[in-house]
Structures are given as C-alpha cells and as structure tokens.
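[1] My questions are about this predicted structure, shown below with the sequence.
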Amino acid sequence: MTTVFWFRRDLRLGDNPALANAIEEALTTDGKKVVALFNIDAKVFDPASDKQKVYQNCSLTQLNKSLNGNLLIKSGAPEKVILEVAQKARATSVHISEDFEPYGRVRDDKVEAILKKNGIKLVRTGSPYAVSPLRVRKDDGTPYRVYTPFYRAWSAHGWRKPAVLPKEKPNWFLPMKSEALPQVAGEFEVINCGEEHALNIFEDFSKKGMRGYGENRNRPDLTGTSKLSFPLRFGEIHPRTILTQLGDSEDEETFRKEICWREFYADVLAHNPHSETISLNSTWEKMGWGNSKTHASELTKWKNGLTGYPIVDAGMRQLIETGWMHNRVRMIVGSFLVKDLHIHWREGAAWFMEHLIDGDIASNSHGWQWVAGCGTDAAPYFRIFNPITQALKFDPKGDYVRTWIKELSHITDGSVHEPWKHPLGHAHGYPEPMVDHATEREHALAMYEKIKKN
DNA sequence: TTTTGAGTTGTTCGA
DNA sequence: GTCGAACAACTCAAA
C-alpha cells in the first residue's frame, strides 16, 4: 500500500528509521510508493526567525533534489493537511519520527486521532535524538535532574545502528504537484545547507576541528566549534550518525558530552513541558524580574548590542547579522541580561528564538535557565559571569569583538574589551557601559539573598 | 537505611 | 602573582 512520510525535523534520507519504515511498508505490499510530505504549519512557521525560514527553504530545496523533485510541500493546519494527503493517495499509514516538544506532541496526538477515525495509522519511529526523551531513567523510574548521572546512564543505554534504506528501488516516491516554497522577507541568504553538506561539515570537523575541540570550542575568536547546530536543528544529520563515528579521545569525549546536553535538555523538557517558559525552580519566579514593559529601554539596548560591554554587544550583533552566536558568548550575554539587567530569562530566550537559525526550544529554554540558576544542575546563583574577565580569557586579542563592533575597530589589542579605559574608546560613537557590573552583581546577589530568607 | 561526596561552563577575597 | 576558600541548596549514586 501507499504510505505517507511526513518530514518535520528530519530533512534527510540517510539514517532515517521512520523513512526506512515508510519505504519498507510500501515496498513489501505490491510495490506501491511513498508520498514525501512537508507541511507548512503557520503555528510553527510564522513565529520562526526569518533567517531560520530561509535556511529551511534552502534545506527543503536540497531535500527535494534528493527526492527527484517529488517532495510535496503543502501549507495549512496539520490536522487537515495530513489527512487530506493521506486520503488522496489512498495511504493506509503515515510515518513520522517522534517530536517531543510541547506543541509537537499535542499536534501529533490530534493528527493521530483524526487519522484513526479515517482508518489510517500514524506510525512513530525514532526521534531526532540518539536516545529518545523519556527513555533514560533512574533505577526508581524517575527522570534525572542532574546532567552527569544522566550522561552515564545515557551512554550505557546506547543507540541503535544507523538505518539503511532498502537497496532495490531507487525511486520510491510518488510524483506530486507541490506548492512553491513560502516567501520570506529580508535579504538574508543561506549559501549552503542540506544532507550532503551536513555530512561534509562533520567530516571536515572530524579531520580538522576535533583535535583541540575541548579548548578551542570556548574561543569565539577562533573557528573552534563543530558548526553542526544548523544541520542538527533541521535533522539534516542525525546525532546517531555522529556518535557512531566518534572515538575515545578526550576531545571526542567532550564533543559527545555536547551532543548529550542536547538530549538531556530534550528529556527534561519532555518531562516538564511548562519549562519552555516557566522556571523549573518555581521560587525563582518570585524574585521580581524585569520584563519588556518594566525594563523596555534596557532590553532594547541589550537586543541591539548597545550595552557598552564589547563582548556582550559583539555577541548580540553577531546574532542579528548571522542568526548564530558562539556558545560561550551566549552564556555571557545571558548572564548579563539576567544578573546585570535583572530581566527575566524568558525575554532573552524569546529574543534568541526570534533570531537563531539553530533555535531549539529545549536547548534554548534550559540553556537560559542554567544561566539564570533556576533549571537543572543546581547552578549556584553566585555564578555570575564578569563580562570583562570572560572577554579577556576567551577573546584575548579582541579579534571577535572587532569583527562585530566597527566603532572599536581602531583599537588593535585586548584593551578593546574596556573602551572606557582607552583614550579613543568612545571616539566613534561606541556607548559608555549602561550599568556598572560590580554594582549590579551585588544587586543580583541581594535579590537571591532575599528569596533565601523567605 | 543513612551518610557522604561530587556535581559543565565562575568570581572574589584574603593569605 | 598565586592559590585555596567561600559563596547555597539540592540531586544522585556509591559506600
């Protein structure tokens, strides 16, 4: 019988167990074919960042090429579109890899119910994770709330072998008349994307970037990260594909742990869907944090990279211009928003999601809560990043800052991190620090102290 | 069962 | 200049 494969966050053909299942089912029953579907759901598409939309369009174009032009793109509410396509193709099943995000779970349950009424199965196989969320548990059956024990259990759990597509037929996909890709405003251009590109990035990183990764990944002035966050976000590569090729060197171990952080946070979010926007540690919510109304001008300065702290502003400008920010800098700007400006992490998380191409609900919300000290990992509240110390440590010569802040390009060494001490620091319009870090640090500590007494 | 020590990413202070 | 302690509170696993 004909089957439908509904692509979501798995825009690839290789190592895709759910797709392999859809093909297998179609082929074993008198040679029928697979409908390859991508649904443009306004509830997901509209709030996404423009750059993320452009990237997705690029990735869909690549996917369509690898499907010999047979990708069906269809916009509309998923409860309608999926059923419509399945019925039109006379399919008896729709295959997906499972989505564990709060909206996705509700959506899939709705779609499943509607399909079922019409005699069509929704089949879930795998997920965008090596170990699907909700699987790794403590001995007593409850989920982990601390990373390191989770990492041990996750490693011990292991993952299946990469899925191989059946060899016989090269063309399993039904030709469909598709809609055009959605229009996206803005001038941003994605140069490279797609499955083949993702595999190239990984190969390149394995050969050239892995050695020294443990150190270099913290350096925003170097090319020290894997660059795999976009492909992982869109499922152009599966983490399992990466993990099965990793060895045991210290650098590879560090990289494996990074992959596991992504899985840990997906697990935490799956157990606590509300933690997308509300702190896991609910007492944190009572501390009187600012928001876009109470702290409008502060928030605007932070968003636009005009805080007067070069490392913070460089990060925020990199985000706006490229849709990406170095991980170390994400922590620095996050700490600055929460601990120096006393604004709720939710505001920062929302801004990140508006601009990041790799924006992922679980990693984003829980990364922010780690910074704020209200999520998993009992992060001590006194862990407050000093933007100058961090800058001097991880961008020693100031190359990163100069790349993103043109007003400071005339200062050619590390003193660029403290322009207020430099005779020409503000010569080209770069602002004075909007707050005094030492003062705000004390203020933040006092906020936590207050809640401790109650 | 209870106790104990360790836990991604930090900073400051004082010896 | 360097180095260790202090800065909470809670989770988890091993002893």
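    Looks like it came in fine. No experiment lies behind these values; they were computed from the predicted model shown.
[2] Can you name the residues in contact with stretch A:445-454?
    A:Thr283, A:Trp284, A:Lys286, A:Met287, A:Gly288, A:His342, A:Gly373, A:Tyr381, A:Phe382, A:Ile384 (Cβ atoms under 8 Å, 6 or more residues apart in numbering). In this view, the C-beta of every residue, glycine as well, is placed from N, C-alpha and C.
[3] now swap in stretch A:243-250 and tell me
    Stretch A:243-250 has contacts (Cβ under 8 Å, 6+ apart) with A:130, A:159, A:161-162, A:202, A:206, A:210-211, A:214, A:252, A:255-256, A:259.
[4] Pretty sure A:Arg317 sits in a strand.
    No. A:Arg317 is assigned helix when assessed by DSSP: H, G, I helix; E, B strand; the rest coil, not a strand.
[5] Any idea how many residues pack against it?
    For A:Arg317, the neighbour count with other Cβ atoms under 10 Å is 19.
[6] of the contacts of stretch A:243-250, closest to A:Leu424?
    Using Cβ to Cβ, A:Gly214 comes nearest to A:Leu424 of these, at 37.0 Å.
[7] Skipping adjacent residues, who's closest to that closest one in space?
    Excluding the flanking residues, the one nearest A:Gly214 by Cβ to Cβ, 6 or more residues apart in numbering is A:Thr254, at 4.3 Å.
[8] And A:Val329, by the same measure?
    Using Cβ to Cβ, 6+ apart, the nearest residue to A:Val329 is A:Gly315, at 3.7 Å.
[9] Ok, A:Ser93 next?
    Take A:Ser93 and drop its neighbours on the chain: the residue closest to it by Cβ to Cβ, 6+ apart is A:Lys121, 4.2 Å away.
[10] any idea how far A:Glu112 is from that neighbour?
    For A:Lys121, the distance to A:Glu112 equals 9 Å [Cβ to Cβ, to the nearest Å].
[11] More neighbours: which of these two?
    A:Glu112 (18 against 15).
[12] Enumerate the residues of chain A near DNA strand C.
    Chain A comes close to DNA strand C at residues A:138-139, A:142-146, A:149, A:152-153, A:378-382, A:449, A:452, as judged by Cβ under 7 Å from any atom of the strand.
[13] secondary structure element for the residue of the stretch 151-300 of chain A at minimum distance from DNA strand C?
    Per Cβ to the nearest atom of the strand, A:Ala153 is where the stretch 151-300 of chain A lies closest to DNA strand C, at 5.7 Å. Per DSSP states H and E: A:Ala153 is located in helix A:147-157.
[14] quick one, longest strand in chain A?
    Under DSSP state E, the strand in chain A containing the largest number of residues is strand A:34-40.
[15] helices or strands next to that one in the packing?
    strand A:3-7, helix A:17-28, strand A:71-75, helix A:78-88 (3 or more Cβ pairs under 8 Å, 6 or more residues apart in numbering; DSSP states H and E).
[16] Buried deepest among those, which one?
    Of these, the one with the most neighbours on average (mean count of other Cβ atoms under 10 Å) is strand A:3-7, at a mean of 27.
[17] And the contacts of stretch A:445-454, which is closest to A:Leu83?
    A:Trp284 (42.3 Å).
[18] check contacts around the closest one.
    Going by Cβ under 8 Å, 6+ apart, A:Trp284 touches A:Ala372, A:Gly373, A:Cys374, A:Ile451.
[19] same thing but at 7 Å, please
    Applying Cβ atoms under 7 Å, 6 or more residues apart in numbering to A:Trp284 gives the contacts A:Ala372, A:Cys374.
[20] Show me the shaky parts of chain A.
    Within chain A, the segments meeting pLDDT under 70 span A:30, A:166-170, A:378-379, A:453-454.
[21] let's go with 80 and repeat that
    Within chain A, the ranges that satisfy pLDDT under 80 run A:29-32, A:165-171, A:377-381, A:451-454.
[22] quick one, longest helix in it?
    Looking across chain A with DSSP state H, the single longest helix is helix A:250-271.
[23] Which residues does the next helix or strand along the chain from it contact?
    Where DSSP H and E defines the elements, the next helix or strand beyond helix A:250-271 is helix A:296-303. When contacts are defined by Cβ under 7 Å, 6+ apart, helix A:296-303 is touched by residues A:Ser292, A:Thr307, A:Met316, A:Leu337, A:Leu341, A:Ile343, A:Glu347, A:Trp351, A:Met434.
[24] Using CSV, lay out those together with neighbour count.
    Converted to CSV, the contacts of helix A:296-303 look like this (neighbours: other Cβ atoms under 10 Å):
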residue, neighbour count
A:Ser292, 16
A:Thr307, 25
A:Met316, 25
A:Leu337, 30
A:Leu341, 21
A:Ile343, 21
A:Glu347, 21
A:Trp351, 19
A:Met434, 18
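[25] Among the residues you listed, which ones are in helices?
    The members of those that map onto helices under DSSP H are A:Met316, A:Glu347, A:Trp351.
[26] Let me know whether the second one touches A:Thr294 as I believe.
    The one in question is A:Glu347. No. Here A:Glu347 does not reach A:Thr294: they are 10.4 Å apart, not a contact under Cβ atoms under 7 Å.
[27] Distance-wise, check A:Leu11 relative to DNA strand C.
    Per Cβ to the nearest atom of the strand, to the nearest Å, A:Leu11 is found 33 Å from DNA strand C.
[28] State whether that residue is indeed within a strand.
    No. A:Leu11: not assigned to a strand; according to three-state DSSP it is coil.
[29] and the spatially closest residue to A:Gly224 that is not a sequence neighbour, how many residues sit next to it?
    Nearest residue to A:Gly224 in three dimensions, chain neighbours excluded: A:Asn216, at 2.9 Å (Cβ to Cβ, 6+ apart). Residues lying near A:Asn216 (other Cβ under 10 Å) number 15.
[30] wait, isn't A:Asn216 in contact with A:Thr223?
    No. Using Cβ under 7 Å, A:Asn216 makes no contact with A:Thr223, being 8.0 Å away.
[31] How about stretch A:380-392 and DNA strand B, touching?
    Yes. Stretch A:380-392 reaches DNA strand B (Cβ under 7 Å from any atom of the strand) through A:Pro380, A:Phe382, A:Arg383, A:Ile384, A:Phe385, A:Asn386, A:Thr389, A:Gln390.
[32] buried ones in that stretch?
    Residues A:Tyr381, A:Ile384, A:Phe385, A:Asn386, A:Pro387, A:Ile388, A:Gln390, A:Ala391, A:Leu392 are the ones in stretch A:380-392 that count as buried (16 or more other Cβ atoms under 10 Å).
[33] ok, and what's touching it?
    For stretch A:380-392, the surrounding residues in contact (Cβ under 7 Å, 6+ apart) are A:309-312, A:331-332, A:335-336, A:339, A:373, A:414, A:417-418, A:437, A:441, A:444-445, A:448.
[34] And for stretch A:333-350?
    With contacts defined as Cβ under 7 Å, 6+ apart, stretch A:333-350 is touched by A:277, A:289-292, A:295, A:298-299, A:302, A:307, A:309, A:312, A:315-316, A:364-365, A:368-369, A:371-372, A:384-385, A:387, A:435, A:437, A:440-441, A:443-444, A:447.
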